[in-house]
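> Kindly return the folded structure for what I paste below:
(one chain, ligands or ions: 2)
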Amino acid sequence: SSQRRNGDDVSPSELSPGILDLHSFDTELLSEIPVPGLYDSAANFEFARGRSFDDSEPSFNGTKQMGKTRAVPDNNSLLNKEKPGSVAKIKVVVRKRPLNKKEVLRKEEDIITIEPNYSHLTVHETKLKVDLTEYLEKHEFVFDAVLDEDVSNDEVYRETVEPIVPAIFQRTKATCFAYGQTGNGKTYTMQPLPLKASNDILRLMHHAYWNQGYQLFVSFFEIYGGKLYDLLSDRRKLCMREDGKQQVCIVGLQEFRVSNVDTIRELIEIGNATRSTGTTGANEESSRSHAILQLVIKRSVDGSETKPARVIGKLSFIDLAGSERGADTTDNDKQTRIEGAEINKSLLALKECIRALDNDQVHIPFRGSKLTEVLRDSFIGNSRTVMISCISPNSGSCEHTLNTLRYADRVKSLSKGNNPKK
Ligand code: ADP
Ligand code: MG
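Ligands and ions are numbered 1, 2, ... in the order given. Modelled structure (predicted):
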């Protein structure tokens, strides 16, 4: 098996027996964990049928949509998808946002259709023949899940992060990425996820794992132009080191121990407010940085509060730089060019690392970029990766959309049933 022991991890015998099997997490266990409400999806399921903009952008119904149909899932369908033993190491999900006001005013069409089984997506690209008549070219894709513009953030959480939360109590490092062009909903998608996850983690700690020495820590930093900045410490510059056991260590990174959701919410708000915004407008600058929020579960071996706790598992949320920024390599401004090159490098390295991970490759090419170096320990051992690719529906973004879907497709291409061992 690909499991590798890290110096920081506890051995299976140090964990309390009987609650969760250490090596094979499956959702059947959910019914055995006495956590009222946590996985009670029938009770908690919130399925937004309307388009739920929570900002100033109004919703639209008058836009032409091509053959759009969608089945209403039964309350348990998302959980039931995860059959015991089938929790994949890598999951690639696509989320389409609604058309925004500007796009509607420009009379742009929605060129993305999504099949009712959630996994198929078609891009309808308008092309010109040599005689300048238009024709449609269809590009079809299949992913682990495809979420349309009616899907709420709660449902995104259920589809992506919720199923892996219990695994991080079992020595798993899980990472959730949001990928896509600026303005496609990466931040909108990512922001609520850590809060929902920590809510579930704390519930597990306070119920199933009550009094067993588990502790939850939060850190939040960003990578901008290949450098690290602490978002919970006034953007203090940080540096990264590898210790003798080849564990990555970010020197000086503030880690906050948290025991309630309100504190986590505050920390997340502080971090978001601290992200690089520059003078040209928030989206402009933050689109050139990767924001990394990590939830780390530690445990003091004998359950005591005084001895240093060891890392058990980690859940990282990464709001990646805008994928279009990787193309800024011909910009006139030198700084922009350097940043563009670094972003390009990191997104390529990320793809290669995820592919290598899925392939159970011994060599993980994480040295390709700062981003993948920082995530190094998440690419070895028990690891889970969720990639959420965010796309816009409008015809004007067709080329970017196809690029994003092709990237996601490359990440996914090895992950379908090629690992019978797993
Ligand atoms: P990004 O982080 O990829 O640059 P944002 O998350 O900032 O994009 O989203 C751009 C705008 O679109 C924001 O105003 C956001 O609220 C809105 N938006 C994005 N995705 C959705 C969605 N699924 N539903 C409603 N509004 C969305
Ligand atoms: Mg953003």
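> Look at the residue of the chain found nearest ligand 2 and tell me its secondary structure.
Closest to ligand 2 within the chain is Thr187: 3.2 Å, counting by CB to the ion. Quick note: C-beta positions are derived from backbone N, CA and C, even for glycine. Recorded secondary structure, Thr187: helix (DSSP: H, G, I helix; E, B strand; the rest coil).
> Run a quick check on it versus Asp319, I expect a contact.
Yes: with contact defined as CB atoms under 8 Å, Thr187 reaches Asp319; the gap is 5.6 Å.
> Which neighbours do the two have in common?
Here Thr187 and Asp319 have Ala178 as joint contacts, going by CB atoms under 8 Å, 6 or more residues apart in numbering.
> So if I had to pick from the two, which one is more boxed in?
Set side by side, Thr187 and Asp319 show more neighbours around Asp319, with 25 against 19, by other CB atoms under 10 Å.
> how much space between that one and Ile268?
The gap separating Asp319 from Ile268 is 11 Å, by CB to CB, to the nearest Å.
> where do the contact lists of these two overlap?
Gln191.
> from memory Phe143 sits against Val92, does it?
Yes: assessed by CB under 8 Å, Phe143 is found in contact with Val92 at 5.0 Å.
> joint contacts of those two?
In contact with both Phe143 and Val92: 389, 408-409, 412, using CB under 8 Å, 6+ apart.
> can you narrow those to ones near ligand 1?
When contact is defined as CB under 6 Å from any ligand atom, the shared contacts of Phe143 and Val92 do not meet ligand 1 at all.
> Those residues of the stretch 301-422 of the chain touching ligand 1, which are they?
Counting by CB under 6 Å from any ligand atom, the stretch 301-422 of the chain sits next to ligand 1 at Cys390.
> no, scratch that, I was asking about the stretch 151-300 of the chain
Counting by CB under 6 Å from any ligand atom, the stretch 151-300 of the chain sits next to ligand 1 at 180, 182-188, 283, 287.
> Select only the buried ones of those in ChimeraX?
Selecting only the buried entries of those in ChimeraX, with 16 or more other CB atoms under 10 Å as the criterion:
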select :180,182,183,184,185,186,187,188,287
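> Lowest-confidence entry in the residues of the stretch 151-300 of the chain next to ligand 1?
In terms of pLDDT, Asn283 ranks lowest among these, with 53.
> Chain neighbours aside, what residue packs nearest to the residue positioned nearest the centre of the chain?
The centre of the chain sits closest to Cys176, judged by CA atoms, centre = their mean, with a distance of 2.4 Å. With sequence-adjacent residues excluded and distances taken as CB to CB, 6 or more residues apart in numbering, Cys176 is closest to Val386, at 4.4 Å.
> ok, residues contacting stretch 255-274?
Under the contact criterion CB under 8 Å, 6+ apart, stretch 255-274 has outside partners 191, 194-195, 198-199, 202, 215-220, 231-232, 234-235, 291, 293, 296.
> List the buried residues for it?
258, 264, 267-268, 271-272, 274.
> That stretch vs ligand 2: in contact?
No: under the criterion of CB under 5 Å from the ion, ligand 2 is not reached by stretch 255-274; the shortest gap measures 9.8 Å.
> Would you mind writing the CA trace of that stretch as CSV?
Output of stretch 255-274 as CSV, limited to C-alpha atoms (Å, rounded to 0.1, in the frame of the first residue of the first chain):
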residue,chain,number,x,y,z
GLU,A,255,-1.7,28.3,14.5
PHE,A,256,-4.7,29.0,16.6
ARG,A,257,-6.2,26.3,18.7
VAL,A,258,-10.0,26.5,18.4
SER,A,259,-12.8,24.9,20.2
ASN,A,260,-15.9,26.7,18.9
VAL,A,261,-17.2,27.7,15.5
ASP,A,262,-17.5,31.4,16.3
THR,A,263,-13.8,31.7,16.9
ILE,A,264,-13.1,30.0,13.6
ARG,A,265,-15.6,32.3,11.8
GLU,A,266,-13.7,35.3,13.3
LEU,A,267,-10.3,33.9,12.2
ILE,A,268,-11.6,33.3,8.7
GLU,A,269,-13.0,36.8,8.5
ILE,A,270,-9.7,38.3,9.7
GLY,A,271,-7.8,36.2,7.1
ASN,A,272,-10.0,37.1,4.3
ALA,A,273,-9.8,40.8,5.1
THR,A,274,-6.0,40.5,5.2
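> Give me the average confidence score over that stretch.
Mean predicted lDDT for stretch 255-274 stands at 94.
> repeat for stretch 133-145
94.
> ok so, going back, my understanding was that the residue nearest to the centre of the chain contacts Ser316; is that so?
Yes: the pair Cys176 / Ser316 is scored as a contact, 7.1 Å apart, by CB under 8 Å.
> Centre of the chain to stretch 381-390, how far?
Distance of stretch 381-390 from the chain centroid (CA atoms, centre = their mean, to the nearest Å) equals 6 Å.
> give the contact list for the closest residue to ligand 1 within the chain.
Per CB to the nearest ligand atom, Gly185 is where the chain lies closest to ligand 1, at 2.7 Å. Applying CB under 8 Å, 6+ apart, one finds that Gly185 lies in contact with 95, 97, 390.
> Which ones, among those residues, also lie beside ligand 2?
Okay, of these, nothing touches ligand 2 (CB under 5 Å from the ion).
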